[in-house]
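S.K.: Compute the structure for the input listed below.
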Amino acid sequence: MAQEGPIKMGVLEDQSGDFAVATIGKVHGIELAAEEINAAGGIAGRPLELVTYDTQSDNRRYQEFMRRVLQRDKVDVVFAGFSSASREAYRPIVDQFKGLAFYNNQYEGGVCDANMIVTGAVPEQQFSTLIPYMMEKYGKNVYTIAADYNFGQISAEWVRDIVKENGGTMAGEEFVPLGVSQFSQTIQNIQQAKPDFLVTLLVGTAQASYYEQAASANVGLPMASSVNVGQGYEHKRFQPPSLANMYVTTNWIEEVDNPASKAFVEKWRAKFPDEPYINQEAENSYIAVYLYKQMVERAKSTDHDAIRKVIAEGDVCMDAPEGRVCIDPKSQHMSHTIYLAKVGEDHSISFPKVWDDIKPYWLGDVGCDLTKENPEAQYTPSDNPMKSGG
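M.R.: Okay, the predicted model is just below:
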């Protein structure tokens, strides 16, 4: 590689604010991987240098710091963002400056943008497994409560479509503004609707108040989620049995019991002994650093076009704590092992089902192919190239 000096990685993650409980681990995962990589000689012989800013769960800070790392700090790559609102706040800036950003978060899916690489799980990996399982086990009448922004709205659309495809009905849907922490009316609405189970897509510290309030009101319904436990480790933060009978599809949590996972947890605890929990976003962020290393070394460059050519070969893969993962060249999203985590009465975790190698197929199916074009768009089930005849 012609360049000399360090490879600079911008890290824009919430170390304070409403989402920090779920995102501190992302920063730690990046730090752990960078330390290991540097101890082993760096990336193509160049040290990895982190340029870190606390975005404080504030979308304006994401925009400010994204401009700063791309224009002033001249980073080679950026790892950024927890909420989908923060990602959509900074993504136009990444596109404007032709940057490269990794989004290492579970999300509502649909981003078809060659300037983005996504290592988090998406709806066809989480809901296409979870919702049919729950309907078969508990019944076909479903109620969704979701955070009222793009993540919750689009995720709820996925749930609605999958429920309908499987012959079910929606007993109700409710969208809750971020920051809301009082749920007495929502609880009454759920109790009146009498669903077979509840899909909870609540985000942030405030909305997590729902679980203890629902337990106090004896709601007693089975719950399904793509975000809880795997991100905010509510089963550790709240008293049993407030999360009892919750089922979560996650690509990794610290309870996953295999040798690679145990070894990962052990070395994490050695570096961060006070970490309250190692969540799926922490693992996503850790492996993303190694995937970036592989891309740069194979491209013999940090140039984005050269990296895209490597991704287009279709074999950017690695053995991760969760299992084998690969980057899909059409969407630049990642395949995952999906674990169905069940929270017991005592908040212990069991895994009634595991799905191996679930690919992020949906974007490719609706016409996203980043090996051929770069629309820099986000698609949804009701708004995609197949729907518009594109």
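S.K.: host element of F79?
M.R.: strand 77-80 (DSSP states H and E).
S.K.: How about K262?
M.R.: Going by DSSP H and E, K262 is in helix 259-271.
S.K.: Next: R160.
M.R.: Using DSSP H and E, R160 falls within helix 150-165.
S.K.: next one: whichever helix or strand comes after that helix to chain centre, how far?
M.R.: Following helix 150-165 in sequence order, the next helix or strand is strand 169-176 (DSSP H and E). Put simply, strand 169-176 sits 23 Å off its chain's centre (CA atoms, centre = their mean, to the nearest Å).
S.K.: How about residues contacting the strand holding F79?
M.R.: With contacts defined as CB atoms under 8 Å, 6 or more residues apart in numbering, strand 77-80 is touched by 7, 9-13, 26, 30, 55, 62, 66, 69-70, 86-87, 90, 94, 99-104, 285, 288-289, 292, 302. In this view, the C-beta of every residue, glycine as well, is placed from N, C-alpha and C.
S.K.: Give me the helices and strands touching the helix or strand hosting Q213, please.
M.R.: Here Q213 sits within helix 209-216, counting by DSSP H and E. If contacts are counted by 3 or more CB pairs under 8 Å, 6 or more residues apart in numbering; DSSP states H and E, helix 209-216 sits against helix 184-193.
S.K.: ok so, going back, just the buried residues of the helix holding Q213, please?
M.R.: S209, Y210, Y211, E212, Q213, A214, A215 (16 or more other CB atoms under 10 Å).
S.K.: Of the contacts of strand 77-80, grab the buried ones for PyMOL.
M.R.: Here is the PyMOL command that selects the buried residues among these (16+ other CB under 10 Å):
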select buried, resi 7+9+10+11+12+13+26+30+55+62+66+69+70+86+87+90+94+99+100+101+102+103+104+285+288+289+292+302
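S.K.: now, which of the contacts of strand 77-80 lie within helices?
M.R.: If you go by DSSP state H, the contacts of strand 77-80 have K26, I30, Y62, M66, S86, R87, Y90, V94, S285, A288, V289, Y292 in helices.
S.K.: got a markdown table for these, with pLDDT and distance to Y138 too?
M.R.: As requested, the ones in helices among the contacts of strand 77-80 are exported to a markdown table (pLDDT from 0 to 100; distance: CB to CB, whole Å):
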| residue | pLDDT | distance to Y138 |
| --- | --- | --- |
| K26 | 98 | 33 |
| I30 | 98 | 38 |
| Y62 | 98 | 38 |
| M66 | 98 | 43 |
| S86 | 97 | 34 |
| R87 | 98 | 32 |
| Y90 | 98 | 39 |
| V94 | 98 | 41 |
| S285 | 98 | 33 |
| A288 | 98 | 35 |
| V289 | 99 | 39 |
| Y292 | 99 | 41 |
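S.K.: Pick out whichever of those residues sits closest to G41.
M.R.: Distance to G41 across the ones in helices among the contacts of strand 77-80 (CB to CB) is lowest for V289, with 14.5 Å.
S.K.: after the helix holding Q213 comes which helix or strand?
M.R.: Next element after helix 209-216 (DSSP H and E): strand 223-225.
S.K.: Ends of stretch 272-288, what's the gap?
M.R.: 19 Å (CA to CA, to the nearest Å).
S.K.: Same question for that stretch: list its buried residues.
M.R.: 272, 275, 277-288.
S.K.: Where does pLDDT dip in this structure?
M.R.: Residue ranges of the chain with pLDDT under 70: 1-3, 388-390.
S.K.: And the residue nearest the centre of it?
M.R.: Residue closest to the average C-alpha location in the chain (CA atoms, centre = their mean): Q106, at 1.6 Å.
S.K.: Many thanks, I have nothing further to ask.
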